[in-house]
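Enquirer: The sequence isn't on hand, but the structure is:
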């Protein structure tokens with residue numbers, strides 16, 4: 001069992017115990033009620049009722065059972081780019097999905113689950129404040145517990161997390177550019193996304209050319225929003241498709257997967273708000289692809 005002590009602030013006076021704990025612990029109310037009904041929540045040594053109203057100033061004693069095993073396949077070893085008691089950043093290789101397709105399928109979540117202790121929603125698995133596409137490599141941020149996950153998701157929603165990608169694209173984009181477009185599912189194929197729809201949702205990014213190559217360019221892309229497939233869709237529909245992207249981009253002889261890499265993450269550390277900056281090493285296949293293009297010229 002994990003023992004926790006929470007001192008109730010005076011401003012919580014009048015709040016119901018279950019709702020206060022759900023907010024303080026970043027847990028679903030149903031899970032908190034299960035702990036209370038299981039007599040794992042005590043004030044002054046006595047078990048509490050779910051509907052108890054707080055006075056403010058109480059000390060709550062809480063017991064939490066150990067997290068349940070995920071049952072996920074462990075998967076490959078992952079390089080650790082950053083690690084603390086709240087979160088972890090790993091270098092996800094291309095071809096590895098973030099979440100498993102089934103219990104025996106390898107995934108980044110399964111592989112990371114052996115890198116220290118996790119307790120998210122009662123399971124010994126990392127929490128996901130964001131995701132990367134299966135064939136995108138690079139920095140993946142994971143939470144170790146519920147409160148860290150809630151804090152990191154809040155930081156993403158508040159725009160307090162910086163995300164930069166590197167992309168190898170076809171064509172000759174301008175030295176710098178910005179895209180601000182509608183964004184939604186493609187009416188012709190709901191598995192795809194497009195900017196060519198009437199939608200209240202917006203997608204925003206900016207880019208700059210880091211290297212020009214014969215028929216291609218190496219871009220640094222800064223995301224302002226985090227839409228599914230966003231970089232791939234917006235660049236393709238702006239006329240600069242990602243090389244190797246079988247869905248939105250163009251095939252390429254120099255790389256067998258989408259040439260997209262999550263290069264840099266900067267985020268406020270959940271524990272104290274200190275700024276953390278992490279960079280993921282460039283994979284060999286992307287470095288080889290650029291040199292092959294350079295030689296072709």
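Expert: That came through, no problem. Because the structure is predicted, anything quoted here is derived from the model rather than measured.
Enquirer: what sits against residue 64?
Expert: By C-beta atoms under 8 Å, 6 or more residues apart in numbering, the contact set of residue 64 is 1, 2, 4, 35, 40, 119. Placement of C-beta: from N, CA and C, glycine included.
Enquirer: Could I get the pLDDT score of it?
Expert: Per-residue pLDDT puts residue 64 at 87.
Enquirer: same thing with residue 93?
Expert: At residue 93, the pLDDT value in this model is 97.
Enquirer: again with residue 1
Expert: pLDDT, residue 1: 66.
Enquirer: go on, residue 100?
Expert: Looking at residue 100, its pLDDT stands at 89.
Enquirer: and residue 24, what are its phi and psi?
Expert: The phi/psi pair for residue 24 (degrees, to the nearest 10) reads phi -70, psi -30.
Enquirer: re the thing from before, need the contacts of residue 64 in TSV with neighbour count, secondary structure and distance to residue 140, can you?
Expert: Formatted as TSV, the contacts of residue 64 follow (neighbours: other C-beta atoms under 10 Å; DSSP: H, G, I helix; E, B strand; the rest coil; distance: C-beta to C-beta, whole Å):
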residue	neighbour count	secondary structure	distance to residue 140
1	9	coil	31
2	11	strand	26
4	13	strand	28
35	20	helix	30
40	17	coil	33
119	19	strand	19
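Enquirer: Tell me where this protein has helices.
Expert: Taking DSSP state H as the criterion, the chain carries its helices at 17-25, 29-37, 108-112, 146-157, 230-237, 284-296.
Enquirer: okay if I get the ones you listed as CSV plus mean pLDDT and distance to residue 59?
Expert: Shown next, in CSV, are those (pLDDT from 0 to 100; distance: least, C-beta to C-beta, whole Å):
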stretch, mean pLDDT, distance to residue 59
helix 17-25, 93, 13
helix 29-37, 92, 16
helix 108-112, 94, 35
helix 146-157, 94, 19
helix 230-237, 98, 46
helix 284-296, 95, 54
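Enquirer: can you tell me which of those comes nearest to residue 175?
Expert: Closest approach to residue 175 among the helices of the chain (C-beta to C-beta): helix 230-237, 15.1 Å.
Enquirer: got the contact list for residue 177?
Expert: By C-beta under 8 Å, 6+ apart, the contact set of residue 177 is 206, 207, 208, 238.
Enquirer: Hmm, I typed the wrong one, I wanted residue 133.
Expert: If a contact means C-beta under 8 Å, 6+ apart, then residue 133 has 229, 232, 258, 260 as its contacts.
Enquirer: re the thing from before, redo the helices of the chain as TSV? Include distance to residue 183.
Expert: TSV is the format used below for these (distance: least, C-beta to C-beta, whole Å):
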stretch	distance to residue 183
helix 17-25	32
helix 29-37	32
helix 108-112	25
helix 146-157	16
helix 230-237	7
helix 284-296	26
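Enquirer: how about these, which one is nearest residue 214?
Expert: That would be helix 284-296 among the helices of the chain, by C-beta to C-beta, at 5.5 Å.
Enquirer: Please work out which residues outside the closest one touch it.
Expert: Contact with helix 284-296 is made by 94, 137, 166, 168, 211, 213-216, 218, 243-244, 252-257, 259, 261, as judged by C-beta under 8 Å, 6+ apart.
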